[in-house]
Every structure is written in C-alpha cells, then in structure tokens.
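Q: task: produce atomic coordinates for the following.
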Amino acid sequence: MEKLKKLVLLHSNDMHGDFLGEKIGEKELGGISMLSGYIKKVKNEEPNVLYCISGDMLQGSLIDTEFRGLSTIEIMNSLNPDIVTLGNHEIDYGLGHLLLLERCAKFPIVNANLFIKNPYTRLFQSHEIFHVDGMKIMFIGIITSEVLSPLKQDVILGSLVDVEDAAREVGKICNSYRTVDIDFTVVLTHIGFEEDKELAKLLDPEWGVDVIIGGHSHTVLEQPAEINGILVTQAGVGTDQIGRFDIVVNMDTNSVATYKWELIPIDDTHCPRDESIEQTIVRFKNVTDEKYNQVLCWLPKEITHPSRYMETEIGDLLTDIVKKALQLDIMMIGSGSIRKPKIGPVITRENLIELFPYDDTVIRVKVSGKQFKKMYKFMLRDEALTGGHTEFYQYSDGLEVEYDFNTKEFIRFDFNGKPIDEKAIYNVGIQGYHIANFDEFFGLPLAEVEKNSKQVTLSTSSRDIIEEALLTAKKIKIKPLKRLKVRK
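A: Next up, the predicted model:
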C-alpha cells in the first residue's frame, strides 16, 4: 500500500508593501491583517501547512519607502512566513541594506544564485529543508536576471542570469541530497511565469522538483501549468489573494499523488482579522500620515495608469512636468516607475510617493532622430505587446506615434506635428536607472549615443521636480491620450 501524506502550501508573491485593505462596495479586500488571519486559520485547521513568499515584499508603499524596508521586515516578521526568496525589489535600497534587512528577518531567506564573484561566495543560504510530519521538504530560491540592473556598477557581484545556468544550479543542490531522501522539492523563483515554464523544461525529472512557485510577472492563473511533470504557478500581485495547494505526497515515489490548487480571495467574508499585526501597521502609518498628509494639488478628475504597456494619463502628466521643468525636447519615464493604477482628484505627498517611489536622477542624452526611432521600436517588440515583462516607457507631449504590430513598422512617427527628422539631434531625458542599463533596455549601445555628446545629470531628484510642479500649479489640464497607437 502506498504511503500518502497531506501537505498544504500557501504562497504569495510581489506583495509590494500592500499592507492595508481597501473597501470595494460593502466588502473589504486585501491587506496584511486579513492575509495573516487566513494563514493562521488554515494552520489551525490543517496539520501540515507551510507559507512561502516568492519575492518583492518591498516597494509600493509609503510605509516601506519611509523606513527603507525595515518596516516591511518587521511586518513580515509578524506575518511569520516559513520561507521567502528574494525579488528584484529587495535590492532597491542597495546590497548593504539588503544584508541588513536579512539580518533583521526572523524567517529564512533562500537564494541560490546571487554571489560575490571573487572569491566565489554565495550571499544567502541556497535552500532550506523542513521536517514536517515525517516529510523532508526542500525549498530552493532563484532570482531574476533583473537583479543585476540596479547593481550594474557593482563589479564584485554576479548572478546566474540564464535559465539554463539556473537549472544547473538547481540540479547541483538536488543532487547533493540524493541520499537524504527528500520527499518533496519546491523551487521558489522570481523570474516571471514564462521563464518559470522554460526553467521547468530544463529540469531533469531525476532531480525530483515537484513545484515551481514564482513571481515577478504578476500572473493570475486559473490553474497551474504542468510542464515536465512539474506544477508551475504564482498568485498575481499584492495581498488581495493567496495561492493554496492542497497536495497529497506519495512518500514511496517522492512525488505528487494528487493536488488541488485555488487562488483564494483575501476578503472579510472568510478571512478573520489579525489584530496584533494591525497594531504594527498602524504604528508605522501614524508616522507617515503625520509627515506626508499635505495636499499638493487637485486634479480635474481621477487619472489612471491601467497598464505599463500603453500610454497612460498618469504617464503623460509626469513626463510633461519633467520635460517642461528641465527644458527637454523629449522626456521618458519607465512605466514600471509608476506603481499605482490611479490617483486623484486630490493628491497628497503620500499619494505621490506611493505613486512614484523611485526617486531617481534625470540624465540628458543627445539622440538623433534615427537613433530615437530605433530605441522606440525596440520598446515595441512582441514581448512587450503580448504580455511579457519588459521595459516600457511613457513619453512627453510632442510625440505622436502609430505602429503596425503585424508589419513591425511605423505608420507615423511625428514630433511637434511633423515627421521626426532622423538627422536632427534631440535633448532626451532618461532616468538614471535606465541609463545604467541603456544597452539592455533600448537595444542600442550607450556609447553610440554618446558620440553625439556626453550624458549630463540635470536633476538628482525626479520626484522633487514633480512635487514642486504639482504644489505650485494653478490649474492642471489632463490631455487626451494620443501619443502612442498600436494597430494589431
């Protein structure tokens, strides 16, 4: 007779400081209090439960930004996950600060492929083995290659940036425990759902990986993908939901006998509140409310940023403000820098910081019309327009671009009402993070652009520019969306 045991895996990813619930009609949705209440409820109901987080606990909340992630770690300590892996936003405050945060964490953080190059030294424990009801359950952590983007200038650091390298690293760890009789293996990743599926294809079935629980692409699923005998899943973004696996483990074959997976909504209909964790959140929120509750301006209406892969009202407003302040021809802002789907009509300092948490420099480069069109077309590659996870940009007023997705050609590319002059040189503003990763993000060597002129730092704080403009504006107009049209 087969020896079977029940295991419940709860999982979150890309929480991004989503600590507070919100009212949707009569229902309250999301927030750490009800999330914690649900996790505790399941752990009281079921004997073998583990809760894991697949990266990006940090960023997206003023509470996180104000305390540089230390508040988030304290809240996560109260949430008490069993195991966590790193996301790219855990690196946002720098490597030294990440190591401080890890020291403050009262839960294990695993990552197998972030290391110091010389001498080769892993920065984190690569895996963790849990002993649950006679089962040995191993978790391995893998991070996205994007971790290198904010650390490009740090020559001592490296990462396995290719899924094939990551697969080999998983294999090394699994092979090291072949004699230990690991009953169940989970790879916690932060590389995006499509990359997770590629990783699953590369894993040797003999290594015994059963589940990949991922993050980064904010993918919402109806059911996990099953590839190469491995279940691949993730749980969207924020704290409005949690993934739940109810798994029956075959202890004889060390594999999944049966499973049920659900994406559970975190709402007040079946998730009790955890009052102890609420006290921790309120303590931090009181500080930020007192400091940042100043009203900056009133917009004529609420404006939105529904997707990073399209022109948006918020993107138009922010790029126009910086363009005007710095007297640029064109201002570009990374769509991923805008972290809220809507804002207004009242905007406080707190709203602005949560909307635009990455207070980056603004660098001016001189770009020919021909080079700029090449950069723009690289942004519009298929991966971005078919639901991938790539860099995308919001552009300031003056550009009107129409692009044919099928022919991969521009139907129209106008600047200030006329076709852009490919020989002319334009003053283009770009955030420092994107300059540091110029070759990768724009498909064009920065050295080629710098032949026109060396880059110049125009401002050390893009958010200061935006805040000052909103604070002093007498009347703000919301312009119609007409800067980018994609025909499919």
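
Q: make sure Met310 is indeed in a strand.
A: No. The assignment for Met310 is coil, going by DSSP: H, G, I helix; E, B strand; the rest coil, so no strand is present there.

Q: okay but it is in contact with Tyr403, surely?
A: No. Applying C-beta atoms under 8 Å, one finds Met310 not in contact with Tyr403, separated by 11.9 Å. Every residue, glycine included, has its C-beta placed from N, CA and C.

Q: list residues touching both of the two?
A: Contact criterion C-beta atoms under 8 Å, 6 or more residues apart in numbering; residues shared by Met310 and Tyr403: Leu484.

Q: between the two, who's got more neighbours?
A: Neighbour totals were compared for Met310 and Tyr403, and Tyr403 leads with 21 against 16 (other C-beta atoms under 10 Å).

Q: contact partners for that one?
A: Neighbouring residues of Tyr403 by C-beta under 8 Å, 6+ apart: 377, 380, 409-411, 484-487.

Q: and Ile129, bridged to which residues?
A: Applying DSSP bridges to Ile129 gives these bridge partners: Met138.

Q: okay, domains of this structure per the record?
A: Listed domain ranges for the chain are 4-285, 294-487 (source: automatic domain parsing).

Q: of those domains, which stretch is the most buried?
A: domain 4-285 (a mean of 19; mean count of other C-beta atoms under 10 Å).

Q: just checking, Leu221 touches Gly214?
A: No. Using C-beta under 8 Å, Leu221 is not in contact with Gly214, being 10.3 Å away.

Q: anything in contact with each of the two?
A: By C-beta under 8 Å, 6+ apart, Leu221 and Gly214 have these common neighbours: 193, 233-234.

Q: which of the domains of the chain comes out lowest on mean pLDDT?
A: Per-stretch mean pLDDT for the domains of the chain is lowest at domain 4-285 (a mean of 88).

Q: now Phe284: how far from Pro272?
A: Distance, Phe284 to Pro272, using C-beta to C-beta, to the nearest Å: 22 Å.

Q: whoops, Phe19 was the one
A: Distance of Phe19 to Pro272, given as C-beta to C-beta: 17 Å.

Q: tell me the strands beside the host helix or strand of Phe413, with direction?
A: In this structure, Phe413 sits in strand 409-415 according to DSSP states H and E. Here strand 409-415 has these sheet partners by DSSP bridges: strand 399-404 (antiparallel), strand 418-419 (antiparallel).

Q: now those as JSON lines including distance to Met332?
A: Below are the strands paired with strand 409-415 laid out as JSON lines (distance: least, C-beta to C-beta, whole Å):
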{"stretch": "strand 399-404", "distance to Met332": "10"}
{"stretch": "strand 418-419", "distance to Met332": "20"}
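
Q: so for Thr121, which of the ones you listed sits nearest?
A: strand 399-404 (46.0 Å; C-beta to C-beta).

Q: in CSV, list the C-alpha atoms belonging to the closest one.
A: Provided in CSV are the C-alpha atoms of strand 399-404 (Å, rounded to 0.1, in the frame of the first residue of the first chain):
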residue,chain,number,x,y,z
LEU,A,399,5.3,62.8,-29.9
GLU,A,400,2.6,61.1,-31.9
VAL,A,401,3.5,57.5,-32.9
GLU,A,402,1.4,54.9,-34.8
TYR,A,403,2.8,51.4,-35.1
ASP,A,404,1.7,48.4,-37.0
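
Q: tell me the one of the contacts of Tyr403 nearest Asp289?
A: Closest to Asp289, out of all of the contacts of Tyr403 and judged by C-beta to C-beta, is Leu484, at 37.0 Å.

Q: which residue sits closest to that closest one, ignoring its sequence neighbours?
A: Glu311 (4.4 Å; C-beta to C-beta, 6 or more residues apart in numbering).

Q: separation between that neighbour and Val486?
A: Glu311 is 10 Å from Val486, by C-beta to C-beta.

Q: check Arg364 too.
A: Arg364 is 28 Å from Val486, by C-beta to C-beta.

Q: same check on Gly398?
A: Counting by C-beta to C-beta, the gap from Gly398 to Val486 is 19 Å.

Q: for Lys374, same thing?
A: Counting by C-beta to C-beta, the separation of Lys374 from Val486 is 17 Å.

Q: can you map out the strands along the stretch 301-450 of the chain?
A: Using DSSP state E, counting those that start in this stretch, the strands of the stretch 301-450 of the chain run over residues 303-304, 330-334, 342-343, 346-348, 362-368, 393-395, 399-404, 409-415, 418-419, 425-431.

Q: of all those, which one comes closest to Ile182?
A: strand 330-334 (40.9 Å).

Q: and the angle for that closest one with strand 409-415?
A: 120 degrees (axes from the mean of the first three to the mean of the last three C-alpha atoms, to 10 degrees).

Q: got the CA coordinates for strand 330-334 in PDB?
A: What follows is strand 330-334, C-alpha atoms only, in PDB (Å, rounded to 0.1, in the frame of the first residue of the first chain):
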ATOM      1  CA  ILE A 330      11.500  64.600 -25.000                       C
ATOM      2  CA  MET A 331      11.200  63.100 -21.500                       C
ATOM      3  CA  MET A 332      10.900  59.400 -21.000                       C
ATOM      4  CA  ILE A 333       9.800  57.700 -17.700                       C
ATOM      5  CA  GLY A 334       9.800  54.000 -17.200                       C
END
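
Q: paired strands for it, with orientation please.
A: Using DSSP bridges, strand 330-334 pairs in its sheet with strand 393-395 (antiparallel), strand 425-431 (parallel).

Q: so Ile116 bridges to which residues?
A: For Ile116, the residues forming beta bridges with it (DSSP bridges) are Thr121, Leu157.

Q: can I assume it is in contact with Phe124?
A: No. Using C-beta under 8 Å, Ile116 makes no contact with Phe124, being 11.4 Å away.

Q: how far does stretch 198-214 sit from the chain's center?
A: Taking C-alpha atoms, centre = their mean, to the nearest Å, one finds stretch 198-214 lying 23 Å from the centre of the chain it belongs to.

Q: and stretch 201-216, by the same measure?
A: Stretch 201-216 has its C-alpha centroid displaced from the chain centroid by 21 Å (C-alpha atoms, centre = their mean).

Q: quick one: contacts for the closest residue to Asn228 other than its chain neighbours?
A: Nearest non-adjacent residue to Asn228, counting by C-beta to C-beta, 6+ apart: Ala200, 5.1 Å away. Each residue near Ala200 by C-beta under 8 Å, 6+ apart is listed here: 209, 212, 225, 227-228, 230, 232.

Q: want to try a markdown table for those, with secondary structure and distance to Met76 as columns?
A: Shown next, in a markdown table, are the contacts of Ala200 (DSSP: H, G, I helix; E, B strand; the rest coil; distance: C-beta to C-beta, whole Å):
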| residue | secondary structure | distance to Met76 |
| --- | --- | --- |
| Val209 | coil | 26 |
| Ile212 | strand | 22 |
| Ala225 | strand | 28 |
| Ile227 | strand | 30 |
| Asn228 | coil | 32 |
| Ile230 | strand | 27 |
| Val232 | strand | 25 |
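
Q: could you identify the most distant pair in those?
A: Taking C-beta to C-beta, no two of the contacts of Ala200 sit farther apart than Val209 and Ala225, at 13.8 Å.

Q: and Lys479, what does it touch?
A: So Lys479 contacts 316, 320, 397 (C-beta under 8 Å, 6+ apart).

Q: what about 10 Å?
A: Applying C-beta atoms under 10 Å, 6 or more residues apart in numbering to Lys479 gives the contacts 313, 316-317, 320, 397.

Q: Lys201 too?
A: 163, 167, 227-228, 230.
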